[in-house]
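Colleague: make a model of this:
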Amino acid sequence: MVRKLFQRGRGKPRHPKIEAFIQKYNIPREYLSVNRKSVTRALLVGLFIAFIPMPFQMLAVLAVSAFFRFNIPIGLAMCWLSNPFTMPPMYYMEYLTGCHLLGTPPLHDIEMSVEWFKENLPTIFVPLYVGTFFYSFTVAPAVYFIVNWLWIHSVKRERREKSKGV
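Modeller: Residues are numbered from 1 along each chain as shown. Next up is the predicted model:
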């Protein structure tokens, strides 16, 4: 099930212009392949970076791709988890988690203005990044292991069903 979700369209030839682009720029196949290792690594890296409040998250995913071979489009899509609509609740959740882990009381009179953030940045910076690293180091690996497990078990189930049907 999980494997088939990611492998739709597999076996179909790529568009000739895409093949020419891959050949011209010598793009490794791992950057576009859809297999268990490539997809789960992409989920891990993309989600890990998505939780970090920083600009240019997509560039960070691309920079990491040189060290960990994974499916680039899936990794980039995962870092879109933090978009302008989801950033405020995500970062507030991370801030509250950081405050809880550090044992500090959170600020309750939050304003969505640049002046407020300039005044309170020293106060919110450490709890925000403690919460950020908590979610980056727990949620991203959890998703990695869950998808990996689901993928393996869907392949096993598919093989069992195939062997029973033969």
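Colleague: mind listing the strands for this protein?
Modeller: Here the chain has no strands by DSSP state E.
Colleague: all the helices of it, residue numbers only.
Modeller: Taking DSSP state H as the test, the helices found in the chain are 2-6, 16-24, 36-50, 57-64, 72-79, 87-102, 114-165.
Colleague: can you add distance to residue 108 and give those helices back as a markdown table?
Modeller: C-beta here means a position set from N, CA and C on the backbone, and glycine is covered the same way. Conversion of these to a markdown table gives the following (distance: least, Cβ to Cβ, whole Å):
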| stretch | distance to residue 108 |
| --- | --- |
| helix 2-6 | 42 |
| helix 16-24 | 52 |
| helix 36-50 | 27 |
| helix 57-64 | 29 |
| helix 72-79 | 30 |
| helix 87-102 | 11 |
| helix 114-165 | 12 |
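Colleague: so where is the protein shaky, pLDDT-wise?
Modeller: Per-residue confidence for the chain (pLDDT under 70) gives these ranges: 1-14, 166.
Colleague: could you rerun that using 90?
Modeller: Within the chain, the stretches with pLDDT under 90 are 1-38, 54-55, 65-72, 79-84, 87-88, 106-124, 155, 158-166.
Colleague: and the spatially closest residue to residue 73 that is not a sequence neighbour, how many residues sit next to it?
Modeller: Sequence neighbours aside, residue 32 is the residue nearest to residue 73 in space, at 7.2 Å (criterion: Cβ to Cβ, 6 or more residues apart in numbering). Applying other Cβ atoms under 10 Å, we find 15 residues neighbouring residue 32.
Colleague: who's in contact with residue 32?
Modeller: Counting by Cβ atoms under 8 Å, 6 or more residues apart in numbering, residue 32 makes contact with 22, 71, 72, 73.
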